[in-house]
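In: just to be clear, the model below is a prediction. Sequence and coordinates:
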Amino acid sequence: MKETSAIHHELEDEMEQAHLEHRELPLGYVDPHKAALEDNPEQAEKLTWAVILSAIFLGTSFTGPIIFGFILATPILVQLGEKLGGANISFW
């Protein structure tokens with residue numbers, strides 16, 4: 001691909017935009033912790049049904065695989081422990 005003046009100009013503009021790292025922030029928002037404290041409402045907001053249902057869904061979707069993984073792996077580990085050295089399961 002030959003580098004023409006139009007492509008070269010586009011690349012320079014894109015590089016100039018990419019190098020703009022300094023952004024002007026509104027006053028009071030330089031420190032994110034201070035901004036979070038200032039945006040804190042006086043009265044606590046009530047949870048919506050969507051938030052409650054999503055928390056329940058996430059809790060049940062994470063708990064199930066962990067419990068079933070433990071339940072399915074435990075009999076195998078117990079049998080291996082008994083074959084290796086009796087009732088003392090030391091590799092847990």
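Out: Thanks, I have the structure now. This structure is a prediction, so every number in the text was calculated from the model and none was measured. Numbering: from 1, shown residues only.
In: so which elements touch the helix or strand encompassing residue 61?
Out: For residue 61, the host element (DSSP states H and E) is helix 49-85. Taking 3 or more CB pairs under 8 Å, 6 or more residues apart in numbering; DSSP states H and E as contact, there are no helices or strands that helix 49-85 lies on. For glycine as for every other residue, the C-beta is placed from the backbone atoms N, C-alpha and C.
In: distance between that helix and the chain's centre?
Out: Put simply, helix 49-85 sits 21 Å off its chain's centre (CA atoms, centre = their mean, to the nearest Å).
In: same check on stretch 44-64?
Out: On CA atoms, centre = their mean, the centre of stretch 44-64 falls 16 Å from that of its chain.
In: any idea of the mean pLDDT in that stretch?
Out: Stretch 44-64 shows a mean pLDDT of 89.
In: which parts of that stretch are buried?
Out: Of all the residues in stretch 44-64, not one is buried under the rule 16 or more other CB atoms under 10 Å.
In: then it to CSV, C-alphas only?
Out: Extracted in CSV, the C-alpha atoms of stretch 44-64 (Å, rounded to 0.1, in the frame of the first residue of the first chain):
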residue,chain,number,x,y,z
ALA,A,44,-31.1,5.9,51.1
GLU,A,45,-32.6,4.7,47.8
LYS,A,46,-34.9,1.7,48.0
LEU,A,47,-33.9,-1.4,46.0
THR,A,48,-36.0,-2.2,43.0
TRP,A,49,-37.3,-5.6,42.1
ALA,A,50,-34.8,-5.9,39.3
VAL,A,51,-31.9,-5.4,41.7
ILE,A,52,-33.3,-7.9,44.2
LEU,A,53,-34.0,-10.5,41.6
SER,A,54,-30.6,-10.1,40.0
ALA,A,55,-28.8,-10.6,43.4
ILE,A,56,-30.9,-13.7,44.0
PHE,A,57,-30.1,-15.1,40.6
LEU,A,58,-26.4,-14.4,40.9
GLY,A,59,-26.3,-16.0,44.4
THR,A,60,-28.1,-19.1,43.2
SER,A,61,-26.1,-19.4,40.0
PHE,A,62,-22.8,-19.2,41.8
THR,A,63,-23.7,-21.4,44.8
GLY,A,64,-25.1,-24.4,42.8
